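Colleague: Dropping the sequence and predicted coords here.
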Amino acid sequence: MNIRDTVTAYTEELITLRRDFHAYPELGFQEFRTAEVVEQYLQALGLETVRCAGTGVTAVLEGRRPSPVLLLRADMDALPLQEENTFSYASKHHGVMHACGHDAHMAMMLVTAKILCQMRESMEGTVKFVFQPNEEIAGAEAMIEQVVLERPRADAAMGLHIWTPLPSGSIGIKAGAVTASMDVFSVRITGKGGHTGYPESAVDPVIAAADVVQSVQRIQTRLISPMKSTVIMFGKIQGGTKNNIIPDEVVLEGTIRYLYAASPDQNPTEQFRSLVSKVCSLHRCSCSVHIEHENDAVVNSSMMASLANDAAKEIVGEDQVVEHASMACEDFSAFADRVPSVFAFIGTAREEAHSTYPHHNPRFTIDEQTLSTGVEFLVSGALKFFQRNS
Ligand SMILES: [Zn+2]
Ligand SMILES: [Zn+2]
């Protein structure tokens, strides 16, 4: 069976599925309608579905042989954002939008399931389809562990993201880290309030905060190897009530992202913690630093990346397969931390399709012609995995 011809036959169905998910977006762990659509589609293929973590859906397709087991994952959640597109299928849920492309991922995965069901007699292994809720808030760790390691245990995993930073017709793949590890911080700097005409009788947290913002930028240029991508950003600074009052307190919030696994001597988060407290004490301020780890980096195994690379070359041609990594986060890391995995980026930016807006933008959309690229990639990646590992 020629994969391209088979996928091409489902172009309309892919678009219809994607537009339906797009019109009815749901936030993380509230993907109630979404989960039902997914279940009904899989059940119509003769697959048994199992719910996990509320709105998560899994199904297992056993081929000619039960092993090896490849897990394919699609995420389901939308974002709290008011859509500004005016398509007929624009979001019908006020303030909620599929602005990351997870609608496309589900459509691609469902059609992949349909095609692999047709190929099951020649499939030398088992595919486990995982539709995962709440990707944007990385809240699905416990469900992922259950899903990856049991009934049946996965030997490897594949995932993808439709991606406007890459042009339509290209696929981004790379061995090693492809999305960032992220820690979210909140720093509360406390001084002593007073009159801006008498700074000597107060302890100014504003200048301490300014120094913190500047000083921590030394972490990625002096304390961490410049060969290791690290970015420390402040998204929120809050303090003070009036122009002539020195406030008691300033609060800084932001993210620390890095494209590698931290080690004891190359750990930007620990260096951040230590530098912030030194800078604050220099300014006679006290500080409390609260840091939460949100995601690990997604690290592609070289075996899975090479297999995906071969699949991609056959689909889009060698010169359209690019090495690509992103400082965005992905909780696919929860899979990649446990089994050899690959996470690929399906380019979807095309001027004529208006699909050049960044992810999470209210005008975000995709080039629907690239939906079939994603399906071809998943089907061909799965078949290659079985050929090489059975
Ligand atoms: Zn997103
Ligand atoms: Zn996403």
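Modeller: Okay, I see it. Numbering: from 1, shown residues only. Ligands and ions are numbered 1, 2, ... in the order given.

Colleague: make it CA atoms for all contacts and neighbour counts henceforth
Modeller: Fine.

Colleague: all helices of the stretch 151-300 of the chain, in order?
Modeller: Listed from the start of the chain, the stretch 151-300 of the chain has helices (DSSP state H, counting those that start in this stretch) covering 205-215, 217-218, 268-282.

Colleague: Go through these and name the closest to residue 26.
Modeller: Closest to residue 26 of those is helix 268-282 (C-alpha to C-alpha; 32.9 Å).

Colleague: just to revisit the earlier point, can I get the helices of the stretch 151-300 of the chain in a markdown table with mean pLDDT and mean neighbour count?
Modeller: A markdown table is the format used below for the helices of the stretch 151-300 of the chain (pLDDT from 0 to 100; neighbours: other C-alpha atoms under 10 Å):
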| stretch | mean pLDDT | mean neighbour count |
| --- | --- | --- |
| helix 205-215 | 98 | 19 |
| helix 217-218 | 96 | 15 |
| helix 268-282 | 97 | 18 |
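
Colleague: Nearest to residue 358, out of those?
Modeller: For the helices of the stretch 151-300 of the chain, the distance to residue 358 is smallest for helix 217-218, at 25.4 Å, taking C-alpha to C-alpha.

Colleague: What are the contacting residues of the closest one?
Modeller: Helix 217-218 is contacted from outside by residue 232, using C-alpha atoms under 8 Å, 6 or more residues apart in numbering.

Colleague: again, but for stretch 195-209
Modeller: 189-194, 239, 244-250, 252, 279-280, 283-285.

Colleague: Now do the domain split for the protein, please.
Modeller: Following automatic domain parsing, one gets these domains for the chain: 3-179+297-389, 181-295.

Colleague: Make a ChimeraX selection of the buried ones in the contacts of stretch 195-209.
Modeller: To isolate in ChimeraX the members of the contacts of stretch 195-209 that are buried, counting by 16 or more other C-alpha atoms under 10 Å, one can use:
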select :189,190,191,192,193,194,239,246,247,248,249,250,252,279,280,283,284,285
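
Colleague: is it true that residue 159 touches residue 75?
Modeller: No. Using C-alpha atoms under 8 Å, residue 159 and residue 75 do not qualify as a contacting pair, with a distance of 9.2 Å.

Colleague: So for the two, which sits in the more crowded spot?
Modeller: In this view residue 159 and residue 75 are compared by other C-alpha atoms under 10 Å, and residue 75 has more residues nearby, 26 against 22.

Colleague: From residue 9, how far out is that one?
Modeller: 24 Å (C-alpha to C-alpha, to the nearest Å).

Colleague: sorry, back to before: generate TSV for the helices of the stretch 151-300 of the chain, with distance to residue 311 as supplementary columns.
Modeller: TSV is the format used below for these (distance: least, C-alpha to C-alpha, whole Å):
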stretch	distance to residue 311
helix 205-215	44
helix 217-218	40
helix 268-282	36
